[in-house]
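In: Requesting a structural model of the entry that follows:
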Amino acid sequence: MTDPTAQPASVEQPNLPTDQNLVMRLLTSMAELNPNGSVFGGWIMARVDVAAGIEAMRVTQGPCTTVAVKEFIFKQAVYLDDLLSFYTSVEKIGNTSVTIHVEV
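Out: Coordinates of the predicted model:
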C-alpha cells in the first residue's frame, strides 16, 4: 500500500521564503496577457505596489503612499494561470518613511 500523502518524485517543491510575510496571491488570467502570451510587466509592477502598500500600512497602522521604487528585476516570464505569491519584508523604518522589499 502506498502513502496517499506522499508527493510524486517528479513534483519539485519551491523554496518559499520563511523570513518574509505572504501578503497576497493572485492567479493570472487572459486579461493580463500581452501579444507574446506572457503577462504584462506593468501589471505585475502594479500588484507589487499594492503588496508593498499593504505591508507599509500594517507597519505604520495608517495610510501610506509610494514615493519611489528602487528597481524591478524580472527573472522569468509569467504566463496564463500562473499563481503569483507576493512576499514582503521591512528593510528600514525611518521617521516618515518605510522601505519595503517585495519578492514575487
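In: in the biggest strand by length in the chain, what counts as buried?
Out: The residue-count maximum for a strand in the chain (DSSP state E) belongs to strand 83-93. Within strand 83-93, the residues that qualify as buried by neighbour count (16 or more other CB atoms under 10 Å) are 84-88. For every residue, glycine as well, the C-beta is placed using N, CA and C.
In: strands paired with it, and their directions?
Out: Next to strand 83-93 in the sheet, as set by DSSP bridges, lie strand 21-27 (antiparallel), strand 98-103 (antiparallel).
In: Can you give the distance of the last one from its chain's centre?
Out: Pointing back at strand 98-103 there. Here strand 98-103 is found 11 Å from its chain centre; the criterion is CA atoms, centre = their mean, to the nearest Å.
In: quick one: buried residues of it?
Out: Residues of strand 98-103 classed as buried: 98, 100, 102 (neighbour count, 16+ other CB under 10 Å).
In: what pLDDT, on average, does it get?
Out: Strand 98-103 shows a mean pLDDT of 95.
In: which residues sit against that strand?
Out: Around strand 98-103, the neighbours that count as contacts under CB atoms under 8 Å, 6 or more residues apart in numbering are 17, 20, 23, 48, 51-52, 55-56, 59-60, 64, 86-93.
In: Nice, that's everything, thank you.
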